[in-house]
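1. need coordinates for the following:
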Amino acid sequence: MNAPTPTQAPAPAAGSAASASAPASAAASVNITPIFVRLKLSLLRNGLKGSSKRKAAYFGALAFALVIAFFTTLGLALLRGNAHAGTVVVLLAAIMALCWTFVPLFFPTGDETLDPSRLVMLPLRPRPLVRALLASSLVGIGPLFTLCLAAGSVIALARGAAGVVAAVLAVPLLLVGCVALARAVATANVRLLTSRKGRDLALLSGLLIAIGAQVANIAGQRLFEVGGLERLEPAEAVVRWLPPATAVGMVDSASEGSYGIAAAQLVITVAALGLLLWFWERSLTKLMVTPDGSTIAAAKEKKKPANGKAGSGWSLLPDDRTGAAIQRALRYIARDPKTKAAWVSALAIGLIIPVANALQGSGSVYLSCFASGMLGVQMYNQFGQDTSAFWMVAQTISSTRDAYVELRARALALALITVPFTAVVAAITAALVGNWAGFPAALGLALAILGSMLCTGALASARFPYSIPTDGAFKNVAPGQGALAWAGIFGGMLASALICSPMIVLAVYFSGADQHSLSWILLPLGVAWATLATWAGLRLAAPTVARKLPEILLAVSKG
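-> As a prediction, this is how the structure comes out:
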C-alpha cells in the first residue's frame, strides 16, 4: 500500500476541525431568548408544585399586587386633566426607577434562578445573554405591577395624536429601563452580594425601610396641605430630564405640543437605555472571566493575643457558663448577617418612630416603649439562630438548672443592649416633647414591657422553635414552619400585653387623672415587674428546654 502523500494528510484534520466547529457555530446561531423565558416560566411553575403554602403565598402576593395596581392605575387615570398630573406621574416614575435600582441590592436572592454567576460555565456570549436575561426578567409580579403603573401614568398625560404615540413608546421604554437598571446594578455587584460580608448589606434594609416609612409619612402629610403639590414642581422640572423618567416627561411634552422637547427626551431615554445595556454587558463579561473569590487563597489568620482571649472587652464577663453564653449571643449579633439585620432594624425603628412623631408635634414620651417592644422580639426563637450547631449547646444541658442558666444568659445579653438603649430613647423623646416629668413613668413602662417580652420569648423559644435558613438574606423561616413562627411571635406579644396590663393601666390612670406627681413610682415598679416577669418566664421555660432538647434540635436544623 502506498503511504499517504503530504497533501492528503491535512484533509481529515480539516474535516475534524470543521465538524468540531459546527456545534459551536450552531450553538452561536441559536436564539436563547425564548429558551430563557421558558426556563423562567418552568422554574416558577415547578417551584409551586408540591407545596400548597407556596402556592397560597405566590397567588396571594399576585392578587394583592394586582389589586393595588388596579386602584393605583385607576387613581392615576383619574388625574387626567389635572394641573398637577405631570408632577405626580413624573416623580412616580423616578420613584419606581429608584426602587428597581436599590431593592436588588438588599434583596439579592429575590430571583436566584437568574443569577448570572450560575451561567459562567455555559458557552454563552454576553450580548445574547443580556437579551435573554432582560426578556426573562420581564416575567414576574414586579414587572407586571410596573407595567400597570406605567400605563396609568401615560393615560393621565396623553392628549392628542402626538401624546398617544409618545405614550405607546413611553410604556415599554419605562418598563425596560427599570428592569435593565435593576439587572445592571445587581450584576455589577453580584460578587459582593453573594459574599458573606456583602450579605451584611441586608442590615441596612431595615434602617432604610424605617427611614423611608417616616419620610413618606411626613411627605404625605405635607402633600395633603394646601399647595402641597406645588412644592414639588421644581423637583419635577429636574427629574423629567433624568432617565427613565424622561419617558413619561416625553408624553407630557408631546401632549402640550412641545415636539422638540419631546424628541430630545426620547433621544435621552433611548441613549440612556443603550448605555445601560452596554454597562450591563461589560459587567457580565467581567463577571464571566474573573475568578471567584472562593478560588483565591484565604487571607492569613490574624494573630491571637498571648493570653488566649479574643479581646479585652470579654474579660468583664464572668468566667463561667453565663459569661460564655453571653459572649456567644453578642458574637451572633455582631457577626451573623441575619441576626445583625434584625437588630439594626429593631434599633432603627425603635428610635425613629418616637423621634419622628415628636418632631412632627404629635409625639408622646410613652412612644419610647416602641424601643423595648421592638428589641424584646429578639428574645423569640433564641435557639433558631444556632441552627444545627445547637447540638453543641444541647450537649452541655443535662438538667433544668443548666437550661435555666442558658436561657438567663441569653436574656442578659439582650438586656445589656436593650436597657441602656431604651433609657436613651426615652430621654431623647422626653427632651423633644418637653415632658421630663413623664420620663420616669415612660421608662418604667418600657422596662416592664421588655421584661414581659423576655418572659414570653423564653417560653416561645422552648415551645415554638423554628429554623432560620442560612441561604437567602430575607428567608427567615424554613418551609413548613411559618405557622410556628407566627404562633410564637404574635401569641407571645399578646401574652406580653396581658402580663404587662397592670402597668399599662397604672400609666393610663396617672396620665389621665393628672397624677403626674405620682407617676415616678412607675419606674421602680417597672424595674421590679420586669425582673419578676423575666425570672418567672425563664423558670417556666427551663424544664421544657431540658425535656425537649432533641425536638428543639430537629426543629432548628431544618434550614
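2. quick check: Leu538 vs Val270, distance?
-> Distance of Leu538 to Val270, computed by CB to CB, to the nearest Å: 65 Å. C-beta: built from backbone N, CA, C; applies to glycine.
3. the more surrounded of the two?
-> Using other CB atoms under 10 Å as the criterion, Leu538 and Val270 rank with Leu538 on top: 24 against 16.
4. and after the host helix or strand of that one, which helix or strand comes next?
-> If you go by DSSP states H and E, Leu538 is part of helix 522-547. As assigned by DSSP H and E, the chain's next helix or strand after helix 522-547 is helix 549-556.
5. Ala97 versus Ala542, what's the distance?
-> Distance, Ala542 to Ala97, using CB to CB: 53 Å.
6. give me the angle between the longest helix anywhere in the chain and helix 549-556.
-> In the chain, taking DSSP state H as the definition, the longest helix is helix 400-433. If you take axes from the mean of the first three to the mean of the last three CA atoms, to 10 degrees, helix 400-433 sits at 50 degrees to helix 549-556.
7. quick one: low-confidence residue ranges for the stretch 401-550 of the chain.
-> For the stretch 401-550 of the chain, the stretches with pLDDT under 70 are 470-484, 513-517.
8. care to break this structure down by domain?
-> 31-42+51-291, 319-556 (automatic domain parsing).
9. ok, and which of the ones you listed has the densest surroundings?
-> Of all the domains of the chain, domain 319-556 has the most neighbours on average by mean count of other CB atoms under 10 Å, namely a mean of 20.
10. how long is that one from one end to the other?
-> Length of domain 319-556, first residue to last, CA to CA, to the nearest Å: 28 Å.
11. in the stretch 101-250 of the chain, which spans are helices?
-> Assigned by DSSP state H, counting those that start in this stretch, the stretch 101-250 of the chain shows helices spanning 126-137, 141-157, 160-188, 190-193, 202-223, 233-239, 246-255.
12. put the alpha carbons of the last one into CSV.
-> Looking back up the chat, that one is helix 246-255. This file holds the C-alpha atoms of helix 246-255, laid out as CSV (Å, rounded to 0.1, in the frame of the first residue of the first chain):
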residue,chain,number,x,y,z
THR,A,246,-37.8,61.2,30.7
ALA,A,247,-40.1,58.7,29.0
VAL,A,248,-43.0,60.0,31.0
GLY,A,249,-41.9,63.6,30.6
MET,A,250,-41.8,62.9,26.8
VAL,A,251,-45.6,62.1,26.9
ASP,A,252,-46.3,65.4,28.8
SER,A,253,-44.2,67.4,26.4
ALA,A,254,-45.8,65.9,23.3
SER,A,255,-49.3,66.4,24.7
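13. list the contacts of that helix.
-> With CB atoms under 8 Å, 6 or more residues apart in numbering as the test, helix 246-255 has contacts from 86, 89-90, 93, 150, 153-154, 157-160, 162-163, 165-167, 169-170, 173-174, 177, 239-241, 259, 261-262, 265-266, 268-269, 272.
14. mind doing that once more with 6 Å?
-> 86, 89-90, 93, 153-154, 157-159, 162-163, 166-167, 170, 173-174, 240, 261-262, 265-266, 268-269 (CB atoms under 6 Å, 6 or more residues apart in numbering).
15. give me the mean pLDDT for it.
-> Across helix 246-255, the average pLDDT comes to 91.
16. that helix to helix 141-157, inter-axis angle?
-> Angle of helix 246-255 versus helix 141-157, following the same axes, to 10 degrees, is 20 degrees.
17. what packs against the next helix or strand after helix 246-255?
-> The first helix or strand that comes after helix 246-255 along the chain, using DSSP H and E, is helix 259-289. Helices and strands touching helix 259-289, by 3 or more CB pairs under 6 Å, 6 or more residues apart in numbering; DSSP states H and E, are helix 126-137, helix 160-188, helix 246-255.
18. distance of Trp486 from Tyr466?
-> 10 Å.
19. and for Leu144?
-> Leu144 is 32 Å from Tyr466, by CB to CB.
20. again with Arg539
-> Here Arg539 is placed at a distance of 23 Å from Tyr466 (CB to CB).
21. residues touching Thr387, list them.
-> Going by CB under 6 Å, 6+ apart, the list of residues near Thr387 reads Val556.
22. where does it fall, phi/psi-wise?
-> phi 50, psi -140 (degrees, to the nearest 10).
23. circling back to that earlier point, report the angle between the longest helix of the chain and helix 522-547.
-> Interaxial angle, helix 400-433 versus helix 522-547 (the same axes, to 10 degrees): 150 degrees.
24. show me what whatever helix or strand comes next after helix 400-433 packs onto, helices and strands only.
-> Moving toward the C-terminus from helix 400-433, the next helix or strand (DSSP H and E) is helix 439-463. Other helices and strands packing on helix 439-463, by 3+ CB pairs under 6 Å, 6+ apart, are helix 369-376, helix 400-433, helix 482-499, helix 501-512, helix 522-547.
25. fine, thanks again, bye for now.
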